[in-house]
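Enquirer: no sequence on this one, just coordinates:
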Ligand code: HEM
């Protein structure tokens, strides 16, 4: 690949175990280097600063998703009919299927159920005193509420958790972690294909809408599988990561918990701050359709695969003052953790409903959240979250 200036080449490895455990020092180094850097180890460009990430996400004609948003060809080809791998106008048309079912109006009837389930769960966990915030708390609503909304059969829901994490890993670059995830993704594809073929989804659910569109001839079978994957994959790990990162942050910052308890109106701002601080999706990519001048002498050639980091943009000191400080009063509504532009998260309304319900229920009943053991990170090429997070509440 022809490069602009040698100073903007970096041999940083963003996918090592160390980097996935704590990516922030390398993000800062790359932001300070320039608005984008060429990562020589992975043959990828990396856009790290808030302004440039937001501009790239807002310009789909230059930063196209149509060649996939993953970092290897196998992934991008296998999921070419997923919504996230399309550009408008095709993407706009298919996205309608999601947004109809996930609009605030469409979700109104389930909001009460979500609140009730969150409150019941918190009561149960308070009685127990200590628990794992990932398996006992964060997974509950996504596994039960979201899967019910999709109309997913009861059997196989737990299995999906592991398969969905595999999907995100399989989007990584050519590293052993990516290769290791392939069997999980094959199992996911086979499972989704089987569910579509058997029409094994509950009538009335989100998934059923996709089956009906397929039956009417509006989408081919691969399209139905790809769109279904959009629900189950996108809805699981991301929401679970946001909820567990929230618990982790509050356990480490009791004064922020006190602030939230004192003013429950801060719940939406607190969720935005959690997603800003610990963006559940850290990176995805696009391919440039023309040469792009990002300023400061950085020219990205046409046809380059460009990684944009939601995680790094959300910690950019050029945009967020004192970005490493967790502050529930910050109200960072313009963070990029749910994406931006045409592909901005289609399920954020639902994710917010769930996370607000859990934060509200916890803040009403729990005075303190304390660590009760070493957290274990769920290392993943794309997502950032925990495998286990022991906590104590009172
Ligand atoms: C805290 C939870 C969540 C986070 C942080 C999150 C984050 C994101 C991000 C960053 C994107 C943008 C991808 C891009 O730029 O290419 C995205 C897209 C998407 N998300 Fe979410 N998401 C969450 C929850 C959900 C849920 C619950 C659903 C479904 C019920 C969902 C469905 C989708 C879909 C379908 C897309 C693709 C939209 C498109 O390509 O037009 N997400 N999400």
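Expert: Here it is on my side, so go on. Computed from a prediction, not measured in an experiment: that's the story for all the values here.
Enquirer: please count neighbours and contacts with C-alpha atoms only from this point.
Expert: Fine.
Enquirer: next one: residue 159, what pLDDT does it get?
Expert: With respect to pLDDT, residue 159 scores 82.
Enquirer: in this structure residue 28 contacts residue 312, no?
Expert: Yes - the pair residue 28 and residue 312 passes the contact test of C-alpha atoms under 8 Å, sitting 7.5 Å apart.
Enquirer: the ligand contacts on this structure?
Expert: Contact residues (C-alpha under 6 Å from any ligand atom) of the chain with the ligand: 83-84, 95, 230-231, 234-235, 238-239, 242, 280-281, 337-339, 342-348, 350-351.
Enquirer: pick out whichever of residue 28 and residue 312 has more residues nearby.
Expert: residue 312 (30 against 17; other C-alpha atoms under 10 Å).
Enquirer: from the ligand, how far off is the more buried one?
Expert: 12 Å (C-alpha to the nearest ligand atom, to the nearest Å).
Enquirer: elements contacting the helix or strand where that residue lies?
Expert: Element membership for residue 312 (DSSP states H and E) is helix 310-313. For helix 310-313, the contact count by 3 or more C-alpha pairs under 8 Å, 6 or more residues apart in numbering; DSSP states H and E identifies helix 24-33, helix 50-57 as packing neighbours.
Enquirer: okay, those helices, which one's buried deepest?
Expert: helix 50-57 (a mean of 20; mean count of other C-alpha atoms under 10 Å).
Enquirer: neighbouring contacts of that helix?
Expert: For helix 50-57, the surrounding residues in contact (C-alpha atoms under 8 Å, 6 or more residues apart in numbering) are 35, 47, 62-63, 294, 308-310, 312-314, 316, 318-319, 336, 339-343.
Enquirer: now list the buried members of those.
Expert: 35, 47, 62-63, 294, 308-310, 312-314, 316, 336, 339-340, 342-343 (16 or more other C-alpha atoms under 10 Å).
Enquirer: A helix includes residue 46, no?
Expert: No - going by DSSP: H, G, I helix; E, B strand; the rest coil, the assignment for residue 46 is strand, not a helix.
Enquirer: could you measure from the closest residue to it other than its chain neighbours over to the ligand?
Expert: Closest residue in space to residue 46, ignoring its immediate chain neighbours: residue 307 at 4.7 Å, by C-alpha to C-alpha, 6 or more residues apart in numbering. For residue 307, the distance to the ligand (C-alpha to the nearest ligand atom) stands at 11 Å.
Enquirer: likewise for residue 389?
Expert: For residue 389 relative to the ligand (C-alpha to the nearest ligand atom), the value is 18 Å.
Enquirer: distance of that residue relative to residue 234?
Expert: 22 Å (C-alpha to C-alpha, to the nearest Å).
Enquirer: the helices in the stretch 101-250 of the chain, which residues?
Expert: Per DSSP state H, counting those that start in this stretch, the stretch 101-250 of the chain carries helices over the ranges 104-128, 140-141, 147-150, 157-169, 176-180, 182-197, 206-215, 221-252.
Enquirer: reformat those helices as JSON lines; add distance to residue 52.
Expert: Below are the helices of the stretch 101-250 of the chain laid out as JSON lines (distance: least, C-alpha to C-alpha, whole Å):
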{"stretch": "helix 104-128", "distance to residue 52": "30"}
{"stretch": "helix 140-141", "distance to residue 52": "34"}
{"stretch": "helix 147-150", "distance to residue 52": "35"}
{"stretch": "helix 157-169", "distance to residue 52": "24"}
{"stretch": "helix 176-180", "distance to residue 52": "27"}
{"stretch": "helix 182-197", "distance to residue 52": "32"}
{"stretch": "helix 206-215", "distance to residue 52": "34"}
{"stretch": "helix 221-252", "distance to residue 52": "23"}
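Enquirer: the strands in the stretch 251-394 of the chain, which residues?
Expert: Assigned by DSSP state E, counting those that start in this stretch, the strands in the stretch 251-394 of the chain fall at 283-288, 292-295, 298-300, 305-309, 369-371, 376-378, 385-388, 390-393.
Enquirer: mind giving me the packing neighbours of the third one?
Expert: Using 3+ C-alpha pairs under 8 Å, 6+ apart as the contact test, the elements touching strand 298-300 are strand 292-295.
Enquirer: okay, now the sheet partners of the strand it packs on, with direction.
Expert: strand 298-300 (antiparallel) (DSSP bridges).
Enquirer: look up how far residue 189 lies from residue 149.
Expert: In terms of C-alpha to C-alpha, residue 149 sits 20 Å off from residue 189.
Enquirer: could you give the average pLDDT over stretch 115-122?
Expert: 96.
Enquirer: and that stretch, which residues are buried?
Expert: The neighbour-count check on stretch 115-122 (16+ other C-alpha under 10 Å) flags 115, 117, 118, 119, 121, 122 as buried.
Enquirer: do the same with stretch 189-205
Expert: For stretch 189-205, using 16+ other C-alpha under 10 Å, the buried residues are 189, 191, 192, 193, 195, 196, 200, 201, 205.
Enquirer: pull the residues that contact stretch 164-178.
Expert: Contacts for stretch 164-178 (C-alpha under 8 Å, 6+ apart): 15, 42, 69-72, 75-76, 179, 181-182, 184-185, 188, 232-233, 236-237, 380-383.
Enquirer: got a ChimeraX select line for the buried ones in those residues?
Expert: What follows is the ChimeraX syntax for the buried subset of the contacts of stretch 164-178, where burial is set by 16+ other C-alpha under 10 Å:
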select :15,42,69,70,71,72,75,76,181,182,184,185,188,232,233,236,237,380,381,382,383
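Enquirer: tell me the contacts of the residue most central in space within the chain?
Expert: For the chain, residue 281 is the residue whose C-alpha lies nearest the centre (C-alpha atoms, centre = their mean; 3.6 Å). By C-alpha under 8 Å, 6+ apart, the residues touching residue 281 are 238, 310, 311, 337, 382, 383, 384.
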